[in-house]
Structures are given as C-alpha cells and as structure tokens.
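Chemist: Generate coordinates for the sequence data below:
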Amino acid sequence: MGTPVGSIFAHGSTPPWLPRDVAEARRFAWWAQILFFLMTVVWLIVAIVSLTVYGVNGGRTGLLALGVFGLVAMLISFMSGVFLKKTVIDAIDQGRFHDAKNDTMIWIVFGLISFILPALMLILTYAKLGDALMAQQPPGYAPYAPGTVSVQQQPATPYVPPPAPIQPPPEQAQPAQAQAQHAHQTPMVRCKNCSVQYPMFMHSCPNCGAPKE
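Modeler: Model (predicted):
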C-alpha cells in the first residue's frame, strides 16, 4: 500500500512464501500492533477524563498524575505501533528474520509499559521466530570459526558422457569434469561481516547473524 495509512498499519494478509513458524510470528506481531493502537485510544481517554476531572474539582494530585501518565503511555503506545511495523513486520516480509527477532525484544519492553497484551503477543512472535531460525540450521550445525570456508556439496553422481563420435583429448576432458563437479556444488555467498561462506538460500549468516546483502 502506498497511502500514508498503509505506511503505518501493516497488512493483515501473510505472504504465502513464509515458513509456517514465521507466518505465525507475523500474525502475532500484527495483533500486537493492533493492540498498541487500541491502547493508544484507551490511554487518550484516560488522560482526557483524568485531566478534565482534575481541572474541574482541583486539589487531587492523583488525577493529575494519572492524566500525565496517560498522555505518556498514549505516546509510547502509538510510536510502538508505528515502529513495530517498520522494524518487525516489514523485516519479516523482506526475509530478514534475524533482525525481526532482535527488534522484537525492544517492543516487548514498551508493550509492558503501555499494556500487557501487546507484550504477550510479541513474546509469542519472538518464540516463533526463534523456532524458524533453528529450523533453518542444518543437522549437526556448529558455528564456523571466523575465516573458515565451508562448502556443502550434494551427493556426487557418476558422470556419464553423451555418446560422441570423437573422444575429446585428455586436456579437454579435465575441464569438463571440473565443470560437472562445480555444477553439483550448492551456491554460496560470503558474509560481509565475518567472511564466512554459507548457502545462498539462507537469509542471514549462521555465524554472526548478519543479514544477506
């Protein structure tokens, strides 16, 4: 959505390509944003009523304190809802699951300040993103040491050359075998942060967590 409202409110539909755990995490984050905006309205009403009653009756400092706290909580809830979309929901939609998980911890704290329900939704978001990142790691995974190059290869299959009337000379057969072996290698990408190579299908470095560029 290109409207100003679309830049604030996240879309409720989940991209179909997301893994199951990530899709559930996005739904929890979306509900957290809805609850943040709902609490913005609630705290605005609390602040207006408290300050109005204090202005009419006067002398009751508790109403003044509640009104001021309501204004602060209203601002925190609104800003949390706006930036939750930019840092968590949009990051999930872009495949940056590691960044979304880290930023979720920030909004859990603000969710406790505004109200407990957004924080509960974000705790579930954090847990689901953690499960998704663990599922991306291959069996027996251990972090690579910095500077170590690791290449994953698919099981090699015997190469059967196509029938040809003329057998190529030995100096040409060797490059053909090297190309066949290279074709069975999994495409790799080098991390800009720690120089570790990892499979291109992963969205972030398994060693340092830096997003793939």
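
Chemist: okay, now the residue nearest to residue 14 when sequence neighbours are not counted: neighbour count?
Modeler: Closest residue in space to residue 14, ignoring its immediate chain neighbours: residue 23 at 4.7 Å, by C-beta to C-beta, 6 or more residues apart in numbering. C-betas here are computed from N, CA, C, even on glycine. Residue 23 is flanked by 16 other residues according to other C-beta atoms under 10 Å.

Chemist: Quick check: what element follows the helix or strand that contains residue 23 along the chain?
Modeler: Using DSSP states H and E, residue 23 sits in helix 20-57. Where DSSP H and E defines the elements, the next helix or strand beyond helix 20-57 is helix 61-84.

Chemist: Tell me which other helices or strands that following helix touches.
Modeler: Judged by 3 or more C-beta pairs under 8 Å, 6 or more residues apart in numbering; DSSP states H and E, the packing partners of helix 61-84 are helix 20-57, helix 97-114, helix 116-136.

Chemist: need the helix or strand of the protein with the lowest average pLDDT.
Modeler: Ranking every helix and strand in the chain by mean pLDDT, DSSP states H and E puts helix 170-183 at the bottom, with a mean of 49.

Chemist: For the helix or strand following that one, buried residues please.
Modeler: Next along the chain after helix 170-183, taking DSSP H and E as the criterion, comes strand 188-190. By 16 or more other C-beta atoms under 10 Å, strand 188-190 has no buried positions at all.

Chemist: mind putting the helices and strands packed on helix 61-84 in a markdown table, mean pLDDT included?
Modeler: A markdown table is the format used below for the helices and strands packed on helix 61-84 (pLDDT from 0 to 100):
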| stretch | mean pLDDT |
| --- | --- |
| helix 20-57 | 91 |
| helix 97-114 | 87 |
| helix 116-136 | 87 |
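
Chemist: Same list, these, but as JSON lines with distance to residue 202 please.
Modeler: As requested, those are exported to JSON lines (distance: least, C-beta to C-beta, whole Å):
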{"stretch": "helix 20-57", "distance to residue 202": "13"}
{"stretch": "helix 97-114", "distance to residue 202": "10"}
{"stretch": "helix 116-136", "distance to residue 202": "6"}
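
Chemist: number of nearby residues for residue 10?
Modeler: There are 23 residues near residue 10, going by other C-beta under 10 Å.

Chemist: residue contacts, it?
Modeler: The neighbours of residue 10, taking C-beta atoms under 8 Å, 6 or more residues apart in numbering as the test, are 29-30, 33, 85, 89-90.
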